[in-house]
Each structure stands twice: as structure tokens, then as C-alpha cells.
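Undergrad: Sequence unavailable; structure follows:
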Ligand SMILES: Nc1ncnc2c1ncn2[C@@H]1O[C@H](COP(=O)(O)OP(=O)(O)OP(=O)(O)O)[C@@H](O)[C@H]1O
Ligand SMILES: Nc1ncnc2c1ncn2[C@@H]1O[C@H](COP(=O)(O)OP(=O)(O)OP(=O)(O)O)[C@@H](O)[C@H]1O
Ligand SMILES: [Mg+2]
Ligand SMILES: [Mg+2]
């Protein structure tokens, strides 16, 4: 890496490549919101960022990453686990540039690659606890895209939370095999309701379809990644919100200090990267709130181990 | 000038139609060049010309399907512009197309009703239409079942549907583009009755045909087109076949040379009690038995739709036999594939040359190797030998004097006669032991017809066993050594040519069995 | 475990949601049936649906008027249809690619408008189920048949209407003739292009409606690419039904019910990998065609542009 | 006469440029959209050009993008000429990639010189299988291929999702809690050799060579002859003793095979591992559809498909750059591509009209007096109805 001066320009420039749209109320939006937050905090004169959204085609993303790198951005965020191998290939060609890859814990041992991941199973666990207590039928429905990555972590954590609270309760999962098929997601929700579910959760951008159905049938909903309260204020109980600011700020500091990578970060309940965001419009029974709080504390102090 | 009267069909007469200086060009072709043509009420004006002379084009211009590049059309002296068939139909012009304009998947009534206003507004009034069809059928003796699907009809019946369609629309001027090409002698006679009826009613008729005797029989005046130009118009009175023929081709025609008795030797093709079904699953061939010997032509006469199509198809392996045996060169080939049969040097001139004989998007050369494309010398180890192919094709084009711009020309841009020459060239050049020729001269002009006949006889001399399936009795009589007559899928009898009379064959074709012949 | 599938709750669930899921397919497939019957293959259905879905959602979201939303969606579909017609009829463009082009355009445009005009995913309160008096109280079938929203009923009505138009009206006669033999139709003064303009634009209109049925009747949200291939399945179903409205409906129902079945298979924790469960409707649709060997052939003029004298 | 020849060649040249004009027209409409989005069209299109052709790397990316389009386009040339509509490129590409990758993962030790050709062949076979099934269904069960290939696409995606998250998953991921659905990276020696120090890999060369091969297949071999014959007129083909059903299977099988090869090339040349985001596009980038467009732009002629895919690849690559530079939503790019497709396909008619006009003019110029002898009608002018 070069000298400190060279590496610390007055304006800090970030480029991010995301698999879905910046307003998906889910994975991509969580990153976009975080960057906006940092910008308002640091001021537009000190912090600029550009993005490529809906980069679901892996080699298009690779081209974008390479292009941004060659334009001398300070930090290039590959916000999608599918971008890993592209990054592994590109990063060595730009030692002066820092790259971040999420969500994973793998930096390929490269000096200019950061990794970041959300321990979404933690929030998932907390929601599971609440869900188990709120469900009267003892049947809980989950709608997911494909059983991998962030979605898998969250759902596994959620199931663990339910089991720990009420082992009689039953969690039915529906993996609809798509991140975009809103219709199928909503039909999956219908199926859960038909099967007796009175509480549901789901992850990825297509679940908006499920939320609609939940609202129509007065079934409770737990959101994740971004806040989905605005979709159905009457039935959304709480959301696990990702606040990437936490890790991004750390990275920015390190980069300004001349460290371009080699570390991997987590957002957790402990470091405030994961936040349980309650829907103010939804009145939770006190004991549920307490149980949730207890679960959060337990996870933070380590007395509760969420190992999916 | 006599004032217009109203026709039975409801439309008022067209006393005179004139076309002046019509020129129509197609990419690469001048189909009509400064053509003048006219027709009057109460007459049949025949239009003659070789294949590709421009007859259909001229008529399509009149019917509004083509816009002329130059020229003018007048009805009863007033110039009219005809943009589309809508206009011509409004004007009282109807057309029976050389290639039928029917929707096969619809019923007769539906085809007739198509595009006409309905008495029930948006709903179809097929009952009324059917009734009207019966009326017209009554007046003009055209029997058809309004509820039959067009694909179920024999060509002759489809012809009637076309005529009814035109009459239903109240056509006062009727264009008949080769209507008799697909009809049998009996059907032609019936058809002429219909035409005369129309003329006496005061219709104006334009009649296109390649059969000179028909023209002389039915028309009042004859016009001849050659290479898109009008050669002349003469009254039919006093005109002779040879005179017209020479106007058409621009040269004197030779007579079919006298045929010496065929030197019959071993039998090549034998059918034993062959039965088969039509596409609709109805029995189409009933215990058909006959044999064809080397060096003879066995003619199969019959009214269209009596099993000729199926007969050709079972022999060529295109249609399964339900029972019976087919023997080719002493080997049982029942149920063998076309490929195998070709290997046994069986050649076939299909009835529908454009559908079954040629690939119209392919070039002349490509079509000429259709049957042997995978054999030496055209194909070596799976690769085509273009040199061999073009040499072969070049040769055939010469031998069969096919008029084509080049070997690379796509067949679809050739005229009917030349396309048939290509089929002949391909099939005969294989020096087949056995040749199935189905309607080999349908739609061909006399020049081309003469040529085909000449070639078939040549094969006979060469010792080929030929099965000639034709609905043209003159043709059968002219070429066959023996004549088999097929009626409703049965062979009514097989008669040696020299003992056969047209009347006798006609009776058999009509299904009147004659024990003597059996 | 399998036997769990045969409880009343499950069967009712499968039938009810099959009937519901089939709705967008029906609108789109019937529209496609019309245009294919007249000889035009429209592969742009998906794009038309997306634009329709967005328009319906946006108008409803801003005006709160569901019917206005429906009309707007149909209008946008109509515009797309006319464009498709102009390109394929007047410019005689290859139908397959034009369709793919219009699909891409609709996919991008709906997303663009969504981001610029709406910005974020939101919900509207869409058409509510109409419980038809006492019919909806009937055991089982009441729930299945008579507790759906108006657009669902509309879809099934449309099937019957289309059948009637195709088989009982002069227009239907023209449409079929134009699709089978444009030359013949033209020679009788039927304007081939007029008919095709009509069917293709109506087809577009119905695709727009199909989109609306998703965004303001079934899901009540809009999101980019929310149809995710549904439009292409709709085209496939036209072939499944052999261009006959009721058979197309059968296909749509089969596909939707199997789709809802596979969701149940997962919910009931029947041990099949979810990926294979998701495959089921596609596999079964093909198998269904294999065992019911098809005799029908496509309209002869399908995908062939018409020009006089050719 | 000489003069006529000249003007003829000139106007033919103009024809060749038609797709380009059409593209420009489409971009013109795109300019308006960009203005409405508050972006500067000039800057935007500058970026597009730069992104597609601006540097060696850009050019390389363009070619890399064009490679699968060309390969799939070649398959489309075959099937469409056999009058079989293959919409299954997406699925066939995926299956081809899966089979090739499986082989590569099974023998990580083997030398590249052995593995690469074998893997390409296996990809070819995988695609052939996925194309052959709908082919057989069409030939022997009369199952419409448009339907079956669309369905087979969906099936292939789920198959991929299953394999990548289960049997074929990267051992490292298998060990993790978050099991990213991807295979391990293929051994480095399997990477398709780079032609120049860019992303440009051997696959591009393979594709171009195969384009010539397909040209020969279609017009110089018995098989190609048969496929075209059946495509043009199945009746006449049957009479000629050709096994029509078998040709239909071949047409779809070969078509699928090329898509499968495209998949193998994409993995071994670009991604070096398979990853799924649950959709087909994530891997194919819609090459299965864009390949059809490319082939049709190339008039279903293998050699014409080469420039067509290059143009389309350039558009896709340049468009991404455009999005990055002027920061408009990626959606506008997709819409723009749609417009280009529609405009180019619509421009075809002008070429046809001019072709006919040329013939007629040529004829008139020869016929001051009396009609001329027929002069060559356009031999095999593609796209003419
Ligand atoms: N649509 C068309 N496009 C191009 N050329 C055409 C077209 N229709 C006819 N031709 C050409 O115009 C010439 C006249 O054709 P036309 O069909 O009028 O001849 P015809 O006298 O009817 O021949 P036939 O007796 O075989 O019916 C022929 O050379 C034919 O190839
Ligand atoms: N913008 C439009 N909206 C609706 N229909 C249109 C539009 N533009 C053209 N049409 C229809 O398309 C046709 C124009 O194409 P074209 O003139 O080739 O048809 P046509 O077959 O010649 O019609 P006709 O036979 O009546 O002349 C018109 O008949 C008209 O009905
Ligand atoms: Mg003619
Ligand atoms: Mg017009």
C-alpha cells in the first residue's frame, strides 16, 4: 500500500454493487440506507457514493467492480455473496483500492479485501421467541427464497427461537425457489394460513407479497433486513434491521489509516449492527417484550448460543 | 346499349368491362406488359397462355389483389379504381382462383359467409346462409353440403364451393382461373352447364384454361397472352386448336408420335387385395388388385376423390395398408418406407407437386437432388459435393430444357410448367424400374403437357413400368396400354387400350360395373 | 405423510388457491389465444403485464379508485398491443423477436416508472372477495368457488365470452379465417391487418388486465419484475390448450393447482427437496401433454406476416 | 450496366448498415428518456461507447459478452432453419454448465489440456440432452416445443439450485452456517487460456470457428440439408425418404448442444465456478433469449450471427457502463435494450423492400422496349415471406 497522504483524499469515495434494487425493502436497501446515513453524517462534501443496482448477472457485476476500481474509488463494496470469486480475481490488480465483500466472513487472505456478514440468526432467534409466544395455534409459517445464505441463517435462528420458547409449536417453511416471484410468495402465505399459521415471517424482496396476505387475514408478521412496517402497520410486530453503518464506519477509519483489508466484520445485536425495530403502532403484551429483551441480553452476554 | 337488368343473384349487370394498357411488374419479372382486355355481359371470354404468361396476374389486377404499375380499368365506360377485393366485390366482380381460396378448417357455410354482413348482426347466421347455398345450388346445379368441412371435400366439390362463394356475393362478372384443371370430364360437362346458365342470365364470364377443346366448346371470344403481352383476340367461331396453340407457344406443335405395341415382359408392380383408409379413417381402397409390367403404361382413370390419392400413397409407402400385399420386382414391399422403395428404384411424380414434390424455398439444384442427396456422388461421408451436384443439375436443366435463370434460383419463382419439368427430370433421370405418375400434367399448358407425354412414352420405350393416375380421360386414352378404372376405392375393371371406348370408360368411372371387363 | 394431503382443509386450499392463482394466467392466455388465432405470436405478454400491473397499482394508490386502476392498466396494455400490432402487421417484423423486445421494454419501463413515481414498495387495499349470498355458505365449494374477488370471477367469464366470440360470431369467423388462411380472408375483402390489429390490441389490453389482477386484486403490491416469468407461462398455456379457450383454462387451472399443491407439500414437511417441489408444476404440465397426445395443429398462418400476392 | 452494378453494391452496403441506423434511432428515443431522468444523453452515450469499445479491456468485455450470444445464436440458426422454435437456451445453457462443471470438480488434478476439451464436450452433451428431450417430445408426442422449452428452462433452474446448494456445493460453504449456493472454484489449470491479457478467453475463438462449422453443417452436409428440407417442407421431405421426426430431434438437440457449450464456456472462461441467485438470469444473463435475437438479426445465417452478437454484446456491456456513469436506474437500460431490439427487427422490412426494388429497377432499366427475359429472382433472400 502507498503512503498515508496518498491514501487519504479529502473526499472519501465509495462504490457499491448490489444484486437487487435499492428500494427492495430488503437486502440491497439496507446497504443503500446505510450509505445515505453515513453521507448525511459526514456531509456530502466529504463522502460520495455511487451504486450499480440489480446486478444479478455475476459477470456484469465483475465488470462493474473492475471499472469502479480503475476509477480510483477508495472503497468498493460487493454487496452479494455471489460476487466473491469475481472479487478474488480483481482485488489483487488494485492493491491501492479497498474492497468489501458481503455477506460472508471470507477475505481470501487478501490484504485489500474486507468481509462483512450479518448474524441474522440472532435477530431471527429473538423474533422466534416473540412469535412462539404470540402464536395461539402454535403453527408458524416461514416464506423464503432458496435455503441458503443470509435467508438460511435468519430462518434457522428463527426456528431455534421458536423451539426454545415453545417446543410444541411447529414451524412450516416454504422455500419458493425465487427472489422475485411475488405471486408465489403470497400464495405460500395463503398456504401457511390454510395450514393454521397465525404468525408468519419471511426473508428477501419477494415477501412483500406474503405481507399483503398476512394483513388481509390479520396474521402477525415479522420482517427482516429492512423495516417492513410501512407495508402493513396493523400486523407487522417487529423487524430485524441491518445497520451496516457500524461496520462501514470501522472500515472507513481503517482505510483512512492505511489498512485496506484483511479483516472480517460482523453486525450483531451486541455491536448494534442488528437492531430489533418494534412497530410503535403494534401494542405488544408486556411479557413478550420482556422475553424479547431477555433473549437479546442473553445473546449479547453469550448465555444464549444461537447455533443454527 | 341495352339497359341493365338484375341478375338472379341480386346484383345488377356489368354490361362491359375494359382493361387498358395494364402493366404489372414483380421483382425480376414483367408479368403483364401494356395489356388490353375486355369482357361483355352474356359472353364467355376465354384467356389462353402458357404457364407464366401472366393470366392469373392480369385477373388479380382486375380483382384488386394487385395494383397495376400502369393502365386503367373501366366498368360500363366509367374508369374505376380497385384497391382491394372489397372494392371489386362491391363492383360485382367475383373470382374463382386457380389456387383455391378456401379456409380448410372451416365449413362450407362458414367459408361462404366469411366477410359478408349477417342478418343477425354480430352473430353468424349460418342457417340462412345454408338455405341460400341450397337455392343457388338449385339454380346452377352445384351440389355441396353446407355443413361439411372444406378439408373433407374432393377438389371438384371445393371448386363448387368457390363458385357458390362468388355467386353468393352477387358477382355479375366472374373470373374463372383454370376452374376445369381439377375436374373430370363429367364434372367439366356439369360445370359448363352451370356456366351457360350464368351467361344466359346475363353474367359476364372470363374463362382461363389450358385445354383448347374446352375453350372452343364454351367461349365466345378468345384472347391469348404470351410472356405477359397480349398476342390477340379472335372470335371462337372459326378458330382451330392448332391456330390457338401456335398463338400461345409461337411455334407449330408436333403430334404425339404413333405408338407401337408395347413389348411387355416381366411384371414389375403387383397389388393384391390392397385395402387402405383415408385421412378421415373411412375406407379409401377396397381390395385393389392389378399388375404393371415392364415397358407398359397402366392408366388409372377415375373421377377425382375416388381413391387415386390413397392409391399413389400406399404404393409409395406414404400410407399404411390395412390389408393386402404390394410386390415390387418380385419382393414383398408392403409397409416399407419411401426410402426403401426408392432403393428399389421406384420413382414418383406426386399429384401436388408444390406440396409433395418440391421444396419451394430451396434452389433448383437443391431440389434436383432431393431423393439422392445422401448418396454418391452428391454426398461423400456426410458432406455434400457441390461440384457433382451442380454438374448433375446443369445436365438435367439442359436435357429437360427447364427455363430457370440459374441453378441458385429458388423454385418458388418458377412457373408451374417448369416446376413440373424439374420433378420429371429428378424422377426420370433415376432410370426407375417403376414409375408412379399422378396427375402429371394438371395445370400445365399444352407445350408442357406435350413435353411430359413425350417423356412418359420415352420411359415406356426404355422398359419402365408406369402407373399413370389421371383424371384427364384424353390423357389416359392417349398414353395407356391398359386402362384400370377406379370408383369409390374399387377397381371397376381393367380394359386394354385398343378395346376401350370413351363411353365404356366413362360408364365405369360413373360406377356402372361392367362384368365383361372384369 | 402423503395422506395428510387428502384432508379437506388441504384439498379446499389447493382448489381455492388454484382458482385464484389461475386468474392472471387466464387473462393473459386468453388474450394470447385471440392474437394467435389471428396468426400473431405475442411473446411480449410479460412486459405488457408488468406495465399493466404498475399502472393499476399506481393509479389505485394515488386515486384510491380500483376501477380507475383497472381501466388505466387496460389502456396501457392497449397501447402496448397497438405498438406490437404496428410493428408486426405494418412493418411485418419477425413476431418472436418483436415480442422479446416489447418484453424487455415493459420489464425496464415498469421498473423505471416504479422507482421514479413510487420510490418504494407499498400496498393498496385491493379488490375484496365477494361472498356470493348463500352460494358462498355451501360446504367446501362455497369457499372454493364463491368467495373470490371480482377480477377472479371476471377471468372465468372472459373464457366463456371468448369461446362465444370465436365460435358464434362473424368476428370470430374472420379471426379464425385470418389465422388459418389470410389469402382467402383477404380475397373476400376481410382486412387481414384490421383483424390482427384488433386481436393483438385486445390481447395487450387483457395482458394489462392480467397485470392489474396481480397488483390490485391478488397481491395488492407492486415490485419490479413481480411477474417473474408468469407471462411466458401464459403463452405456453395457449399451446397447452391448443388455442381453445376452455382447454386453455384447463391448463391454467392444472398448472396453478399443482403449484399450490407443491406449496402444501413443503408446508406439510413431506420430505422432498424444496427445489423438486417447485419443479412439479412444470414437469406435470409437460407430462400432461405427453399422455393426452395432441392432435390440434397451430393456426396455419401463425407468425407469418401477410402481404398480398405472397 | 457497369453503373448499375456500382449503385447495386452501394445500396447493398446501405442495407448492411440498416441495423446500425435502427439502433441509433432507438438510442434517439432513449436520449429522450435520459433527458426526462435528468441525465445528459451525450455524456450517457459517450459512456456507452467507451464502455463497449473505449479500451482493450472494454473491447474484451464486449467480446466476452458476445461469446455466449454467438454460441447460442448458432444453435438457433440450426433449429429455426429446421422450423423448430427453441426458447430453451436458458435451461440448456445451465445444464451444459452443470455437466461441464461437475466433470471439472470430479477431476481437479487432471491437466487442463485434457480437461478443457473434455469439459467443453460434456457441456455440449449436457445441452444436447436438455434440447433433445423437447425435441423427442415434439417429434414423437407432438408436444409443442415453445411450451416444453419454456418449462424446461424453469426445471433447469431448480435443478441448478438443488445441485449447487446440495451435491455440488463448495465444501467450504457446506461447512459454514450460511451455505452460499456455489461450487468450489475450478482448478486454475482449467481456466480457458486468455487470448490477450484481458478477460478475453479462448471461448470467443471457439465460437467464431464454430460459426464457420455451422455454416458448413447447414449448407455443405447431408444432415444440414435434411434439417433445412424438413424445416421448409416436411411433406416433400417425407416423400424424399427423409425421416422427418429424426430431423426434428436433431435440430433441437444440436441447438441445445450449442447452448450447453455456451454454458461450459461461460463457467470455464469467465466465472470459474457456478453460483446461483435462484434465477436463470443470474448465470445466463438472459443469453438464452438474447442469443435468439442475435441469430435473427444475423438473418439466421451463422456468419451473419457473428457481427450481430458483437453488436448486441457491445450494447449490453456499454449499457452497464452508461448506468454507472450517469447513475440512472438500471431499469432504463433494460427498456433501452428492448427498444433497440424492436427498432432493429422493424428495420428488416426496408432491406426487403429495397431488395425487391433493386430487382424491378434493374429490370426496367433493361426493358425500354418490350418485356425482358426473367432475370434472377432473389435466391434465398432470408426473411422474405
Ligand atoms: N407474387 C408474385 N411475385 C413474383 N412473381 C410473380 C408473382 N406472381 C406471379 N409471378 C410471376 O409472374 C409471371 C406470371 O405469373 P402468372 O401466375 O400470372 O402466370 P399464369 O399465366 O397464371 O401461369 P399459369 O398458367 O401457370 O397459371 C410468372 O413469371 C410468375 O413467376
Ligand atoms: N393506429 C392504428 N390504430 C388502429 N388500427 C390501425 C392503425 N393504423 C393502421 N390500422 C389498421 O391497419 C391497417 C393499415 O394497414 P394496411 O393498409 O396494410 O391494411 P390493409 O389490409 O391494406 O387494409 P385494407 O385492406 O382495408 O386497405 C388499416 O386497415 C387499419 O385498420
Ligand atoms: Mg395462373
Ligand atoms: Mg391498405
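TA: Alright, I've got the coordinates. Owing to the predicted nature of the structure, the values given are computational and were not obtained by experimental measurement. Ligands and ions are numbered 1, 2, ... in the order given.
Undergrad: Considering helices and strands only, name the one in chain D with the lowest mean pLDDT.
TA: Every helix and strand of chain D was ranked by mean pLDDT, DSSP states H and E. The lowest is helix D:2-36, at a mean of 78.
Undergrad: residues touching the closest residue to chain C within the stretch 301-450 of chain B, list them.
TA: Of all residues in the stretch 301-450 of chain B, residue B:412 sits closest to chain C, at 9.8 Å by Cβ to the nearest Cβ. Every C-beta, even on glycine, is put in place using the N, C-alpha and C of the backbone. By Cβ atoms under 8 Å, 6 or more residues apart in numbering or on different chains, residue B:412 lies in contact with B:360, B:361.
Undergrad: If we go by neighbour counts, what in the least confident helix or strand of chain D is buried?
TA: D:15, D:18, D:19, D:22, D:23, D:25, D:26, D:27, D:30, D:31, D:33, D:34 (16 or more other Cβ atoms under 10 Å in any protein chain shown).
Undergrad: any idea of the pLDDT on residue A:239?
TA: You'll see residue A:239 listed with a pLDDT of 94.
Undergrad: Could you look up the SS state of it?
TA: Classification of residue A:239 by DSSP: H, G, I helix; E, B strand; the rest coil places it in strand.
Undergrad: For it, the count of nearby residues, please.
TA: By other Cβ atoms under 10 Å in any protein chain shown, 24 other residues sit near residue A:239.
Undergrad: just residue B:481 next, same as before
TA: 21.
Undergrad: sorry, back to before: packing partners of the least confident helix or strand of chain D?
TA: On a contact count with 3 or more Cβ pairs under 8 Å, 6 or more residues apart in numbering or on different chains; DSSP states H and E, helix D:2-36 meets helix D:41-53, helix D:302-326, helix D:330-366.
Undergrad: so how far is it off the chain centroid?
TA: Remark: helix D:2-36 is offset 22 Å from the chain centroid, using Cα atoms, centre = their mean, to the nearest Å.
Undergrad: Secondary structure element holding residue B:435?
TA: strand B:434-438 (DSSP states H and E).
Undergrad: Let me see the mean pLDDT of that strand.
TA: 93.
Undergrad: The residue in the stretch 1-150 of chain A that ligand 3 sits nearest to: what's it in contact with?
TA: Closest residue of the stretch 1-150 of chain A to ligand 3, Cβ to the ion: residue A:57 (55.7 Å). Counting by Cβ under 8 Å, 6+ apart, residue A:57 touches D:281, D:282, D:285, D:286.
Undergrad: which residues touch residue 79?
TA: Reading this off chain A. A:16, A:17, A:18, A:19, A:27, A:28, A:31, A:102.
Undergrad: right idea, wrong chain: chain C
TA: With Cβ under 8 Å, 6+ apart, residue C:79 has these contacts: residue C:204.
Undergrad: what helix or strand is it on?
TA: helix C:66-85.
Undergrad: Kindly report the same for residue C:142.
TA: Here residue C:142 is assigned to helix C:141-145, by DSSP H and E.
Undergrad: check whether that helix contacts chain A.
TA: No - Helix C:141-145 lies apart from chain A when judged by Cβ under 8 Å from any Cβ of the partner chain; the minimum separation is 10.2 Å.
Undergrad: Wait, residue B:332 touches residue B:325, no?
TA: Yes - the criterion here is Cβ atoms under 8 Å, and residue B:332 meets it with residue B:325 at 6.0 Å.
Undergrad: which one of the helices and strands packed on helix D:2-36 is the most hemmed in?
TA: Among those, the stretch with the highest mean neighbour count (mean count of other Cβ atoms under 10 Å in any protein chain shown) is helix D:302-326, at a mean of 24.
Undergrad: Can you spell out which helices and strands pack onto it?
TA: Under the contact definition 3+ Cβ pairs under 8 Å, 6+ apart, helix D:302-326 sits against strand A:47-52, helix A:58-70, helix D:2-36, helix D:41-53, helix D:56-81, helix D:202-220, helix D:287-297, helix D:330-366.
Undergrad: so which of the ones you listed gets nearest residue B:188?
TA: Nearest to residue B:188 among those is helix D:330-366 (38.2 Å), distances taken as Cβ to Cβ.
Undergrad: Taking their axis directions, that closest one and helix D:2-36 sit at what angle?
TA: For helix D:330-366 against helix D:2-36, the angle by axes from the mean of the first three to the mean of the last three Cα atoms, to 10 degrees is 160 degrees.
Undergrad: Figure out how far helix D:330-366 is from the centre of its chain.
TA: 20 Å.
Undergrad: hmm, the next helix or strand after the strand holding residue B:435 in reach of ligand 3?
TA: Toward the C-terminus, strand B:434-438 is succeeded by helix B:446-461 as the next helix or strand (DSSP H and E). No - Helix B:446-461 lies out of reach of ligand 3 by Cβ under 5 Å from the ion, never closer than 13.0 Å.
Undergrad: which helices and strands sit right next to helix B:446-461?
TA: In terms of contacts (3+ Cβ pairs under 8 Å, 6+ apart), helix B:446-461 is packed against helix B:241-249, strand B:297-301, helix B:416-428, strand B:434-438, strand B:465-469, helix B:473-479.
Undergrad: Could you export these as TSV, including mean neighbour count?
TA: TSV is the format used below for the helices and strands packed on helix B:446-461 (neighbours: other Cβ atoms under 10 Å in any protein chain shown):
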stretch	mean neighbour count
helix B:241-249	17
strand B:297-301	26
helix B:416-428	24
strand B:434-438	26
strand B:465-469	27
helix B:473-479	19
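Undergrad: quick one: which of those is nearest chain D?
TA: helix B:416-428 (9.4 Å).
Undergrad: near chain A, which residues of the stretch 1-150 of chain C show up?
TA: So the stretch 1-150 of chain C meets chain A at C:9-10, C:12-13, C:17, C:20-21, C:24, C:111, C:115, C:119-123 (Cβ under 8 Å from any Cβ).
Undergrad: all strands of the stretch 51-200 of chain B, in order?
TA: Applying DSSP state E, counting those that start in this stretch to the stretch 51-200 of chain B gives strands spanning B:70-75, B:78-80, B:93-96, B:173-177.
Undergrad: for those, which one sits closest to residue C:33?
TA: Per Cβ to Cβ, nearest to residue C:33 of the strands of the stretch 51-200 of chain B: strand B:93-96, 32.5 Å.
Undergrad: Whether the closest one contacts chain C - can you check?
TA: Yes - against chain C, strand B:93-96 shows contacts by Cβ under 8 Å from any Cβ at residue B:95.
Undergrad: Quick check: which helices or strands does that strand pack against?
TA: Identification of packing neighbours for strand B:93-96 by 3+ Cβ pairs under 8 Å, 6+ apart yields helix B:55-62, helix B:155-168, strand B:173-177.
Undergrad: mind putting those in JSON lines, mean neighbour count, distance to residue B:317 and mean pLDDT included?
TA: JSON lines is the format used below for the helices and strands packed on strand B:93-96 (neighbours: other Cβ atoms under 10 Å in any protein chain shown; distance: least, Cβ to Cβ, whole Å; pLDDT from 0 to 100):
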{"stretch": "helix B:55-62", "mean neighbour count": "26", "distance to residue B:317": "35", "mean pLDDT": "93"}
{"stretch": "helix B:155-168", "mean neighbour count": "23", "distance to residue B:317": "24", "mean pLDDT": "86"}
{"stretch": "strand B:173-177", "mean neighbour count": "26", "distance to residue B:317": "34", "mean pLDDT": "93"}
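Undergrad: Could I get those in a markdown table, plus columns for distance to residue D:110?
TA: Below are those laid out as a markdown table (distance: least, Cβ to Cβ, whole Å):
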| stretch | distance to residue D:110 |
| --- | --- |
| helix B:55-62 | 68 |
| helix B:155-168 | 67 |
| strand B:173-177 | 71 |
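Undergrad: Those: which one's closest to residue D:99?
TA: The closest of the helices and strands packed on strand B:93-96 to residue D:99 is helix B:155-168. By Cβ to Cβ, the value is 53.3 Å.
Undergrad: From the contact counts, what lies against that closest one?
TA: Judged by 3+ Cβ pairs under 8 Å, 6+ apart, helix B:155-168 is in contact with strand B:93-96, helix B:108-113, helix B:126-140, helix B:185-201.
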